[in-house]
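J.: output the structure for:
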Amino acid sequence: MDPSGGCPHAANARLLAHGAVASVILPGEVEAMAVIGHDALKEFLAHPDVAKGAAHFTALREGRIPDGWPLKTFATVRGMTTADGDDHRRLRSLVSKAFTARRVEALRGRVEEVTAELLDKLAAGDNNAPNTVDLREHFALPLPMSVICELLGVDAEFRDRLHHLSNQVVATDITPEDAMAANRDIVAVLSTVAASRTARPGEDLTSALIAARDEDGGRLSGHELIGTLLLMIIAGHETTLNLITNAVRALCRHRDHLELVRGGGASWSDVVEETLRWDSPVSFFPFRYPTRDLTVDGTLIPRGTPVLAGYSAAGRDKAAHGADADVFDLTRYARPGPGPGSGPGSGPATRHLSLGHGAHFCLGSSLARLEATVALERLFARFPDLDVAVADEELPRHASFVGNSVRELPVSLSGSLVHTNALTPPPTLP
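T.: This is a model prediction of the structure:
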């Protein structure tokens, strides 16, 4: 795996040509595997003999993974993503009430309010280059960061620091020294947040978690409290940030599809789902471990092997999504027919796996979809001629093979500068 990240799709296509499961080498020469085919990944994510707990990671258990390994936090953080069975159900139950359909719908007004505030700032030109702005920094980032921090009761003063440290934690090209420093720093910030909420509890999720730690039979340890906050902060804004960024890029490069949405031929929800499939905000997510030698799609994955979930690859797997899987096409959601897999126009779209599958399905999926749908609809209503200001190859990529997006998205708010529609067929509906 290239620790510097970059656009994953060409490499994914080469891997998929050889099968649904691939052997990979992680930073530090750690041997691992990646499940990249859609059907194989769906099976693997829900397999009863696949675990998330680090006790099942053979190399870690045997002391062969050093401190400062850039992916170690993914394996060792104490929270839902590294828990199994009863522990997973216990930890998930402590936060799941905040993400019910009713609770998420109740957040719609606040999401719309924050979106409107950010669009007003864009219109006012709060940047050094009039009419041009880094949309990722000034719109796609502050929307989900504001919402998740308000949900958790994290004061505004900590948000920029938490975003910076989140980027460090998920980076795969980071030095051991910087990795350890980032982990120390983010734990320190979240400990300060927890101390503040302990002293001044409110109607927020952190206060509820603290109550579970202190008053409710000890259902949450101190390490689990900090680990849960860390996971909620990172997952609650990084993935939605990438989703909004990737969707804006896709629509600007495929303006015929943008016009299709504006004309009512497709919905903003279709845009979100197609972006999740076509350009997943998470490329390869660490880790799962077979608890016995496991054969997946004809390939043996030895017990205790760290396995990456290849979401960006599965989203473009032609065996599942059809011969046109590498094409951004909103019309696939309105197709009649027997189903995907036999070519363009062959049937309704296979549901993507970019938000997970099985017991660890993304708890915040409804909130992410709400934020992205509101953001995209309001953004293009306010700035109908918005366009990316540079060519794709000029956009710097994430320094990670975990997250999948660009680090900057300079856009012109009122001018068409760069269009690339060559990969997109004229959108038509049956």
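
J.: all strands for the stretch 101-250 of the chain, in order.
T.: For the stretch 101-250 of the chain, the strands defined by DSSP state E, counting those that start in this stretch occupy 132-134.

J.: in it, where is pLDDT below threshold?
T.: 126-130, 216-218 (pLDDT under 70).

J.: so Ile25: helix, strand or coil?
T.: Assigned by DSSP: H, G, I helix; E, B strand; the rest coil, the conformation of Ile25 is strand.

J.: distance check, it against Pro286.
T.: Separation of Ile25 from Pro286 (Cβ to Cβ, to the nearest Å): 14 Å. No exception for glycine: its C-beta is placed from N, CA and C like everyone else's.

J.: what of Ala55?
T.: Using Cβ to Cβ, Ala55 is found at 16 Å from Pro286.

J.: the two: which is more packed in?
T.: Comparing Ala55 with Pro286 by other Cβ atoms under 10 Å, the one with more neighbours is Pro286, at 22 against 13.

J.: ok, Leu41 - contacts?
T.: 20, 35, 309-311, 314, 353, 357 (Cβ atoms under 8 Å, 6 or more residues apart in numbering).

J.: now the host helix or strand of it - C-alpha only, PDB.
T.: Assigned by DSSP states H and E, Leu41 falls within helix 38-45. Coordinates of each C-alpha in helix 38-45 appear next as PDB, following Å, rounded to 0.1, in the frame of the first residue of the first chain:
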ATOM      1  CA  HIS A  38     -18.200  -6.200  -3.700                       C
ATOM      2  CA  ASP A  39     -19.700  -9.700  -3.000                       C
ATOM      3  CA  ALA A  40     -16.600 -10.900  -1.100                       C
ATOM      4  CA  LEU A  41     -16.500  -7.800   1.000                       C
ATOM      5  CA  LYS A  42     -20.200  -8.100   1.900                       C
ATOM      6  CA  GLU A  43     -19.600 -11.700   3.000                       C
ATOM      7  CA  PHE A  44     -16.500 -10.800   4.900                       C
ATOM      8  CA  LEU A  45     -18.000  -7.900   6.800                       C
END
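
J.: tell me the mean pLDDT for it?
T.: Averaged across helix 38-45, the pLDDT comes to 98.

J.: so which bits of that helix are buried?
T.: Buried positions in helix 38-45, judged by neighbour count with 16 or more other Cβ atoms under 10 Å: 38-45.

J.: what's around Ala389, how many residues?
T.: By other Cβ under 10 Å, 22 other residues sit near Ala389.

J.: with adjacent residues omitted, what lies nearest to it?
T.: Take Ala389 and drop its neighbours on the chain: the residue closest to it by Cβ to Cβ, 6 or more residues apart in numbering is Pro410, 4.4 Å away.

J.: what about that neighbour, how many neighbours?
T.: 19.

J.: can I assume it is in contact with Asn131?
T.: No. Using Cβ atoms under 8 Å as the test, Pro410 is too far from Asn131 to be in contact (11.1 Å).

J.: the residue minimising distance to the centre of the chain and Gly356, how far apart?
T.: Using Cα atoms, centre = their mean, the residue of the chain that lies closest to the mean C-alpha position is Thr239, 2.9 Å off. Relative to Gly356, Thr239 is positioned 11 Å away (Cβ to Cβ).

J.: shared neighbours, those two?
T.: Joint contacts of Thr239 and Gly356 (Cβ under 8 Å, 6+ apart) are Cys362.

J.: contacting residues for Ile234?
T.: Counting by Cβ under 8 Å, 6+ apart, Ile234 touches 166, 169-170.

J.: same question for Glu377.
T.: Trp268.

J.: ok, and it, which helix or strand is that part of?
T.: Using DSSP H and E, the element containing Glu377 is helix 365-382.

J.: so how far is that helix off the chain centroid?
T.: 15 Å (Cα atoms, centre = their mean, to the nearest Å).
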